[in-house]
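Student: 3D, please:
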Amino acid sequence: MKLYLTSSPAGSYRSDGAEEFRGLNPANHMVENLKEDWRDFSRCLIIAADPDAWMGNDEMRFYFETVLRDTGLSISGLDICDGRNGKETVRRLQEYDMIILGGGHVPTQNAFFWSIGLPEKIREYDGIVMGISAGSMNCAEVVYAQPELPGESISNTYQRYLKGLGLTQCNVLPHYQAVKHDMLDGKRLMEDITYPDSIGRKFYVLPDGSYIVQREEVPVICGEAYLMTEGELHPICENGRTFLI
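Tutor: Numbers count the residues shown, from 1 in each chain. Have a look, this model is predicted:
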């Protein structure tokens, strides 16, 4: 398996400005790396985060099909997996050359993955897997579900640690450039909520345009990145460079 853990591989989160590129973001050689792993006329699948958001999922499928074609990647088509066809599609997982794990709400996506039996089937998969935001987070063995919605950081029942797909040991925190000053439940998302949760753990903090590529179970950070651990944040990689984890 070739695993790509991205923050956002195309447009920037919360940005209304036009991008300077078409298709996937070429920053930090992501397009070049993908083309090395790509099979001609790849059959692709995107697995949604919200199984019931059918209209939005169909729009996402069309968007990413356009993005892949605009990147110059040869595809035979892109299917969507959500609540309409989840278990049936997962049974046919090996028919696809690339799987995209969409972005959204981490616990919602995690529950959907388990309900369709994805954790068992995807470990046998030998193509390309690309996680986007929540999809990258749910690739971990133990997922850190960073509180996101109002009430989650103060809830006694919200689970911050979930069993994930087990494809990597890396815990990704995406969209750092957009969320680093966010407030949630009257607290700073990073300093007051996430920093304390990093005690005894390691979180790899990525802005959009950076990613982790893992081949042969060896993860490499490509682009700007930070390590959050023991309540502190440290830069570990710059744009244009790589860092072996």
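
Student: for the longest helix along the chain, output the C-alpha coordinates as PDB.
Tutor: Ranked by number of residues, the top helix in the chain under DSSP state H is helix 54-70. Provided in PDB are the C-alpha atoms of helix 54-70 (Å, rounded to 0.1, in the frame of the first residue of the first chain):
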ATOM      1  CA  TRP A  54     -25.900  11.900  -0.300                       C
ATOM      2  CA  MET A  55     -26.200  15.200  -2.200                       C
ATOM      3  CA  GLY A  56     -22.900  16.500  -0.800                       C
ATOM      4  CA  ASN A  57     -21.200  13.200  -1.400                       C
ATOM      5  CA  ASP A  58     -22.200  13.200  -5.000                       C
ATOM      6  CA  GLU A  59     -20.900  16.700  -5.400                       C
ATOM      7  CA  MET A  60     -17.600  15.700  -3.700                       C
ATOM      8  CA  ARG A  61     -17.300  12.700  -6.100                       C
ATOM      9  CA  PHE A  62     -17.700  15.000  -9.100                       C
ATOM     10  CA  TYR A  63     -15.300  17.500  -7.700                       C
ATOM     11  CA  PHE A  64     -12.500  15.000  -7.100                       C
ATOM     12  CA  GLU A  65     -13.000  13.300 -10.400                       C
ATOM     13  CA  THR A  66     -12.400  16.700 -12.100                       C
ATOM     14  CA  VAL A  67      -9.400  17.400  -9.800                       C
ATOM     15  CA  LEU A  68      -7.700  14.100 -10.700                       C
ATOM     16  CA  ARG A  69      -8.300  14.600 -14.400                       C
ATOM     17  CA  ASP A  70      -7.000  18.200 -14.300                       C
END
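
Student: buried set for that helix?
Tutor: Within helix 54-70, the residues that qualify as buried are 57, 60-61, 64-65, 67-68, counting by 16 or more other C-beta atoms under 10 Å. C-beta: built from backbone N, CA, C; applies to glycine.

Student: stretch 190-203: which residues count as buried?
Tutor: In stretch 190-203, counting by 16+ other C-beta under 10 Å, buried: 190, 193-195, 197-198, 203.

Student: now do the same end-to-end measure for it.
Tutor: 12 Å (C-alpha to C-alpha, to the nearest Å).

Student: one step back: between the buried residues of helix 54-70, which is nearest Asn28?
Tutor: Proximity of those to Asn28 (C-beta to C-beta) peaks at Val67, which lies at 17.0 Å.

Student: for Ile116, see how far away the closest one is.
Tutor: 24 Å (C-beta to C-beta, to the nearest Å).

Student: for Ser8, same thing?
Tutor: Counting by C-beta to C-beta, the gap from Ser8 to Ile116 is 24 Å.

Student: so which of those two has more stuff around it?
Tutor: Using other C-beta atoms under 10 Å as the criterion, Ser8 and Ile116 rank with Ser8 on top: 24 against 20.

Student: how far does stretch 185-204 stretch from start to finish?
Tutor: Note: stretch 185-204 ends 24 Å apart using C-alpha to C-alpha.

Student: for the buried residues of stretch 190-203, work out which two are farthest apart.
Tutor: Every pair of the buried residues of stretch 190-203 checked by C-beta to C-beta; the farthest is Ile193 and Phe203, at 11.9 Å.
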